[in-house]
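Asker: generate coordinates for the sequence data below:
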Amino acid sequence: MASIDQDTRIKRIASSIRIIPNFPKDGVMFQDITTLLLDPKAFRDTVELFVERYRDMRISVVAGVEARGFIFGPPIALAIGAKFVPLRKPKKLPGEVISEEYSLEYGTDTMEMHVGAVQFNDQVLVIDDLIATGGTLRAAIKLIERAGAEVVECACVIELPELKGRERLGDRPLFVLVKG
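Answerer: Take a look at the predicted model:
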């Protein structure tokens, strides 16, 4: 198989992502994956590349960050034989939750996870569509580690390297398909 940088699937994925200037506010160049989802080949390529990477890594949990992590996480979890855990915005999960507040490139938010969704020693993959400043993934890591699980890696379709989000992940590896 070709290396990830030479893989023709990466080119198809990258070319299917639409950039929307000044959304959700002035100065933000929004990376819109809805156009990727409209391209069945690019969508399939995205899921397949993640599955190929994680199939043999003994991942027991795929944790998807709301909302776009919910698109990629479940098919990856099913393909690698892991459970899927949603990481949600406040007041979206019934029952007992733990919370983590975090900052975005354009504000703050809070993420929640069900108590007991991950277990001590679970091997977790955290997935989202994009890493910008790293605040969202950092909050996901904190939630999962507070439950006693280990974050093996974070994965995103897109990275905005100029925002240095990778630096906020500490020693957790980050795998991305496309740099924006």
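
Asker: can you pull out the strands in this protein?
Answerer: 18-21, 29-32, 61-65, 83-87, 97-104, 107-114, 123-131, 150-159, 174-179 (DSSP state E).

Asker: give me the helices and strands touching the helix or strand of the chain with the lowest mean pLDDT, please.
Answerer: Taking mean pLDDT, DSSP states H and E as the measure, the chain has strand 97-104 as its least confident helix or strand, at a mean of 87. For strand 97-104, the elements it packs on are strand 107-114, helix 135-146, judged by 3 or more CB pairs under 8 Å, 6 or more residues apart in numbering; DSSP states H and E. C-beta coordinates here come from the backbone N, C-alpha and C atoms, glycine included.

Asker: so how far is the longest one from its chain's centroid?
Answerer: The reference is to helix 135-146. With CA atoms, centre = their mean, to the nearest Å as the basis, helix 135-146 stands 11 Å off its chain's centre.

Asker: buried stuff in it?
Answerer: For helix 135-146, burial by neighbour count (16 or more other CB atoms under 10 Å) applies to 135-144.

Asker: residue closest to the middle of the chain?
Answerer: residue 128 (1.8 Å; CA atoms, centre = their mean).

Asker: before we move on, back to that, now for the buried residues of helix 135-146: which two are most distant?
Answerer: Largest separation among the buried residues of helix 135-146 by CB to CB: 135 and 144, giving 15.2 Å.

Asker: can you tell me which of the helices and strands packed on strand 97-104 has the worst average pLDDT?
Answerer: Mean pLDDT is lowest for strand 107-114 among these, at a mean of 91.

Asker: isn't residue 50 right next to residue 127, touching?
Answerer: Yes. Residue 50 is within contact range of residue 127, at 7.3 Å (criterion: CB atoms under 8 Å).
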